[in-house]
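Asker: Got a predicted model here, sequence first, then my questions.
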Amino acid sequence: MIKYLDVKNEVQSAIDSGRPVVALESTIISHGMPYPENVRTALNVEKIIRDKGAVPATIAVMKGMLKVGLTGEEIDMLGREGTAVTKTSRRDIPFVLSKKVTGATTVASTMIIAELAGIKVFATGGIGGVHHGAEKTFDISADLEEFAKTGVTVVCAGAKSILDIGLTLEYLETMGVPVLGYRTDDLPAFYTRKSGYRVDYRVENASEIAEVMKIKQSLNLSGGIVVANPIPHEYEMDYDEIGNAVDTALAEAEQKGVKGKEITPFLLAAVKDKTGGRSLESNIQLVYNNAALAAEIAIEFAG
């Protein structure tokens, strides 16, 4: 796989010298937000990580290569092309590479590529999980399987509120994936700080998380770690409002027959419409919050 790996010089230099690096996904750019907010957000996320003292590495698949670290022009291209970019998870990587088309990496594929490059910390918005009705559809995100295989710590605002959060936690437990709550006992649900479900363990600072990572690595325990970081209070949305918006969006998706990898962007867009666009600002702010914490964790782990 090394011949397919194209690591930006700045990122490779940081990895080689043991300096902190934070991986970032690209699906959030192409499929998660409208243009130009998506590009502005991606560039701000990189700035937040730099300001904290770490090196950002936005990941995508371009021209037959697994790109680790993008230029501003490449980020802008992903944002402009939007959903025309191929949403790329584990199963899609060989095809996207062979066809030399542009691929935006999901949580799962970003974890894979980050681990290939030697990056241990990754910041995203929310992780995928078990969808409502999965007992009939078997619609379970590849993100969850990847956590069981790939040794990357993922900082997120919990599971997306469009998911069945209880079943998502059960799946992670079965796979042996620890879910750490950053200064919280309750698993956040993306737009809200609480979901009604408890995390496995509460941690109070980045150094605690880095210590868990080091011990897990020293014992050769495979798989990743979920760090659940609640959205800041001032950007949290009303729990009932989000719940009602999600329920309505789920009904619309079922009526229209939306399935597979199209379901998440459809639901997020529907929730945005039903909340008058306020969910987009919450989405942006929680990503910023996760980037800052991920940088702190990467710095502690490197230290």
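Answerer: That came in fine, so what should we check first?

Asker: This protein: helices as residue ranges?
Answerer: 9-16, 27-30, 37-52, 72-81, 93-99, 107-117, 134-137, 142-149, 165-174, 206-218, 239-256, 263-274, 278-302 (DSSP state H).

Asker: Just say which of these is most tucked in.
Answerer: Comparing the helices of the chain by mean neighbour count (mean count of other C-beta atoms under 10 Å), helix 27-30 ranks first with a mean of 29. Using the backbone N, CA and C atoms, a C-beta is placed for each residue, glycine as well.

Asker: what's the closest of the helices of the chain to Tyr182?
Answerer: Tyr182 sits nearest to helix 278-302 of all the helices of the chain, at 6.4 Å, using C-beta to C-beta.

Asker: how about the helices of the chain, which one is nearest Gly158?
Answerer: helix 165-174 (7.6 Å).

Asker: what helices or strands is that closest one leaning on?
Answerer: helix 142-149 (3 or more C-beta pairs under 8 Å, 6 or more residues apart in numbering; DSSP states H and E).

Asker: C-alpha coordinates for the helix it packs on, PDB please?
Answerer: What follows is helix 142-149, C-alpha atoms only, in PDB (Å, rounded to 0.1, in the frame of the first residue of the first chain):
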ATOM      1  CA  ALA A 142     -18.600   0.600   8.500                       C
ATOM      2  CA  ASP A 143     -17.200   3.100  11.100                       C
ATOM      3  CA  LEU A 144     -18.100   0.700  13.900                       C
ATOM      4  CA  GLU A 145     -16.200  -2.300  12.300                       C
ATOM      5  CA  GLU A 146     -13.200   0.000  11.700                       C
ATOM      6  CA  PHE A 147     -13.000   0.900  15.400                       C
ATOM      7  CA  ALA A 148     -12.500  -2.800  16.100                       C
ATOM      8  CA  LYS A 149      -9.700  -3.100  13.700                       C
END
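
Asker: Please state the offset of that helix from the chain centre?
Answerer: Centroid separation for helix 142-149 versus its chain: 12 Å, with C-alpha atoms, centre = their mean, to the nearest Å.
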